[in-house]
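A.B. asks: have a look; sequence and predicted model below, questions after that.
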Amino acid sequence: MEREGPAEESRAEESRAEGVPPEALETRRVVEQAVRRSGQHRWDLEDVNWDRVRAEELTEDDRTVVRFLTYIEDHIPWYLNFFLDAFPTTDVDLATYARNREYFRFLVMWANDEEKHAAALTRYQVTAEMADEATVLRQLAAEGGKPWDLPYEHPLELYTYAFLQEKATQLFYQRYQRVVREPLLRDLLGKLAADEARHFGLYSHLVANSLATVGPRALDGVKNVLSTFEMPLNGVLDGYWRMALRVVDRVGHDHTEAYDSLGRLVGRFSDQFGTPDVDDLWRLIRDVQRMP
C-alpha cells in the first residue's frame, strides 16, 4: 500500500475531525498544554529529602494547618468521582462525549497530582512525628468517607468553581511558604503551589473559552458561583471552622483574593459583554470580599 502524501494526510485529518465541535478541539488544545507542562515539572515523593525535617521548628498552629491541609487534599476520591459524574462519557451525544473525553485527560493528571499532595502531607505528618502512621490513617479514614459535592451542573459554573479553588489554594501555599520556618515543609509547599498554579492555568483557559462561546449570559453562571462559593469540605469536615481560623491566624490568608483573578479574566471580554456588565461583576466581587 502506498503511503499517503501530505495533501492526502491533511484531508484525512479534516475528515476525522469533521463533526467534532470546536469546544472539544479547544479543550484538547489546552489540556495537551497542561499535560505537557505537568510532565516537564514532574516530581514525586522520592524527590523529597525527608531527612531535612526539623520538627522542633513547627508551631502548634503549623501542626493544625498541616492536619487541615492533609484532610483537604486527601478527600480526592470524592472530588474525582464528582467530576467524573459531572462530565460523563457514557449515554451522551457526540459533542458532549468529545468535550468530556478531552477533559478526562486532564482529570486523570489532576487526580494524580492531588493524590501525590495527600500522600506527601500524610508522610510529612509521620516524618515530623506529629502522629504515628496508624493514627494519621485512622483520622483520614474517619473524614474521608464523608460525601462531598457541588451545587453546580453547567460546565462553565464547574470550571469557574475550580478556577477560584485552584487559585485560592495556590495563593495559600505561596503565602504559607513565606512564613513557615520548618525547611522540609517549606520545600513541600513550593512544590504544591507550583502544581496548583498549573491547574489554575488550565481552568483559566477553560473559563475564557466558555465565556467567549456563551457570551454575556455566561455572567449569570459566574455570579452564581461567586455568590455561593465555599472552599472544599466546609460543612463536611469536623472542626472545619476551628482549624480554618487557625489557618487564617497563622497565614493571614483570605480565599476571596482569588476572586480578583476572575474579575480580571472577565474584564478581557469588556467589548463583548459591555462595560456595565463587567462593572456589575466587580461590584459583586467587592461585596463578597467585604462579607465577614
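C.D. replies: Yes, it's here.

A.B. asks: wouldn't Arg63 be in contact with Met130 here?
C.D. replies: Yes. Using C-beta atoms under 8 Å, Arg63 is in contact with Met130, at 5.6 Å. (Glycine included, C-beta is placed from N, CA and C.)

A.B. asks: remind me which residues of the protein are low pLDDT?
C.D. replies: Per-residue confidence for the chain (pLDDT under 70) gives these ranges: 1-19, 292.

A.B. asks: the helices in it, which residues?
C.D. replies: Applying DSSP state H to the chain gives helices spanning 6-17, 22-40, 60-74, 76-86, 94-127, 133-144, 155-179, 183-214, 218-228, 240-251, 259-267, 270-273, 275-290.

A.B. asks: and these: which comes nearest Asn49?
C.D. replies: Nearest to Asn49 among the helices of the chain is helix 183-214; the distance by C-beta to C-beta comes to 7.2 Å.

A.B. asks: neighbours of Pro155, just the number please.
C.D. replies: Burial of Pro155 is recorded as 21 neighbouring residues (other C-beta atoms under 10 Å).

A.B. asks: quick one: contacts for the residue lying closest to it once chain neighbours are set aside?
C.D. replies: In space, and not counting its chain neighbours, Pro155 is closest to Ser210: 6.7 Å by C-beta to C-beta, 6 or more residues apart in numbering. By C-beta atoms under 8 Å, 6 or more residues apart in numbering, the residues touching Ser210 are 155-156, 159, 218.

A.B. asks: follow-up on the earlier one: ok, which of the helices of the chain comes nearest Arg54?
C.D. replies: Nearest of the helices of the chain to Arg54, taken as C-beta to C-beta: helix 183-214 at 6.0 Å.

A.B. asks: follow-up on the earlier one: could you dump the helices of the chain into TSV with distance to Arg52 added?
C.D. replies: Formatted as TSV, the helices of the chain follow (distance: least, C-beta to C-beta, whole Å):
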stretch	distance to Arg52
helix 6-17	50
helix 22-40	25
helix 60-74	15
helix 76-86	26
helix 94-127	10
helix 133-144	19
helix 155-179	15
helix 183-214	4
helix 218-228	39
helix 240-251	21
helix 259-267	33
helix 270-273	48
helix 275-290	37
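
A.B. asks: what's the distance between the residue lying closest to Val222 once chain neighbours are set aside and Leu150?
C.D. replies: In space, and not counting its chain neighbours, Val222 is closest to Thr160: 5.5 Å by C-beta to C-beta, 6+ apart. Separation of Thr160 from Leu150 (C-beta to C-beta, to the nearest Å): 11 Å.

A.B. asks: what's the answer for Phe83, then?
C.D. replies: Distance of Phe83 to Leu150, given as C-beta to C-beta: 9 Å.

A.B. asks: between the two, which contacts overlap?
C.D. replies: Common neighbours of Phe83 and Leu150 (C-beta under 8 Å, 6+ apart) are Leu158.

A.B. asks: can you point out the buried residues in stretch 23-37?
C.D. replies: Across stretch 23-37, burial judged by 16 or more other C-beta atoms under 10 Å covers 23-24, 26-28, 30-31, 34-35.

A.B. asks: let's see that stretch as CSV, backbone CA atoms only.
C.D. replies: The C-alpha coordinates for stretch 23-37 follow below in CSV (Å, rounded to 0.1, in the frame of the first residue of the first chain):
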residue,chain,number,x,y,z
GLU,A,23,-15.3,23.3,22.1
ALA,A,24,-13.8,19.8,22.1
LEU,A,25,-11.0,20.8,19.9
GLU,A,26,-10.2,23.8,22.0
THR,A,27,-10.4,21.7,25.2
ARG,A,28,-8.0,19.3,23.6
ARG,A,29,-5.5,22.0,22.8
VAL,A,30,-5.4,23.5,26.4
VAL,A,31,-5.4,20.0,28.0
GLU,A,32,-2.5,19.0,25.9
GLN,A,33,-0.6,22.1,27.0
ALA,A,34,-1.4,21.4,30.7
VAL,A,35,-0.3,17.7,30.4
ARG,A,36,2.9,18.7,28.7
ARG,A,37,3.7,21.3,31.4
